[in-house]
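> Below is the sequence, then the predicted model.
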Amino acid sequence: MTEDIPFWKNTALKDMTRSQWESLCDGCGRCCLHKFREDDTDEILWTNVGCRLLDQDTCLCRDYTKRLRRVRDCVTLTPELLETLDWLPPSCAYRLIRDGLELPDWHPLISGTKETVHLSGASVRYRFINERSVTILEDHFAEWPGEWPEPITTEQK
Ligand code: SF4
Ligand code: SF4
């Protein structure tokens with residue numbers, strides 16, 4: 001019956017194929033928002049300001065293959081790095097799997113469509129400002145990127 005078990009439940013993150021690993025990403029785009037670390041408490045403070053390459057509509061990177069050359073602080077997520085990160089949003093599939101939690105129903109691997117990521121409120125679609133339009137990042141702190149997603153209307157920012 002093991003063939004009925006989805007790969008993310010019976011394959012360690014470090015043993016996944018590249019394709020399996022990549023498919024875990026739900027494409028929410030939250031990790032591409034700017035954030036700060038509070039000096040005293042180490043708390044992550046999120047903003048609603050997105051990387052200049054983050055697409056407002058798809059919530060994907062507009063130059064994924066060259067992103068590391070174009071954006072200095074962009075990172076490539078690996079199983080090793082994942083063990084050390086404390087700033088991924090709570091709904092990030094890598095964080096959920098790492099922490100032994102279930103993927104939500106709206107994850108594309110379960111729903112079969114990326115649209116559910118937007119409908120669930122997990123994605124950053126229409127909710128962020130491009131960094132090119134922002135002068136002072138600290139003027140744009142936001143709590144929602146660090147919280148579990150709630151469904152939103154497209155009118156909400
Ligand atoms: S937060 Fe996680 S699931 Fe969302 S885009 Fe980033 S890596 Fe993918
Ligand atoms: S370069 Fe692309 S993947 Fe990296 S933070 Fe910017 S939008 Fe995200």
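Structure's in. What do you need? Ligands and ions are numbered 1, 2, ... in the order given.
> what does the protein put close to ligand 1?
Taking C-beta under 6 Å from any ligand atom as the criterion, the chain approaches ligand 1 at residues 25-31, 77, 88-89, 92-94. Bear in mind the C-beta positions are built from the backbone N, C-alpha and C, glycine included.
> would you list those residues in CSV and tack on distance to ligand 2 and neighbour count?
Compiled in CSV, the residues of the chain next to ligand 1 are given as follows (distance: C-beta to the nearest ligand atom, whole Å; neighbours: other C-beta atoms under 10 Å):
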residue, distance to ligand 2, neighbour count
Cys25, 10, 16
Asp26, 14, 27
Gly27, 11, 18
Cys28, 11, 27
Gly29, 7, 27
Arg30, 10, 25
Cys31, 7, 21
Leu77, 10, 16
Leu88, 13, 18
Pro89, 13, 22
Cys92, 13, 21
Ala93, 15, 22
Tyr94, 14, 20
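> Save those residues as TSV, and put in secondary structure too.
As requested, the residues of the chain next to ligand 1 are exported to TSV (DSSP: H, G, I helix; E, B strand; the rest coil):
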residue	secondary structure
Cys25	coil
Asp26	coil
Gly27	coil
Cys28	coil
Gly29	coil
Arg30	helix
Cys31	helix
Leu77	coil
Leu88	coil
Pro89	coil
Cys92	coil
Ala93	helix
Tyr94	helix
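> So which of the residues you listed is the closest to Leu54?
Within those, the smallest distance to Leu54 is 5.7 Å, found for Gly29 (C-beta to C-beta).
> Distance from the lengthiest strand in the chain to the middle of the chain?
Counting residues, the longest strand found in the chain (DSSP state E) is strand 44-50. A distance of 12 Å separates the C-alpha centroid of strand 44-50 from that of its chain, computed with C-alpha atoms, centre = their mean, to the nearest Å.
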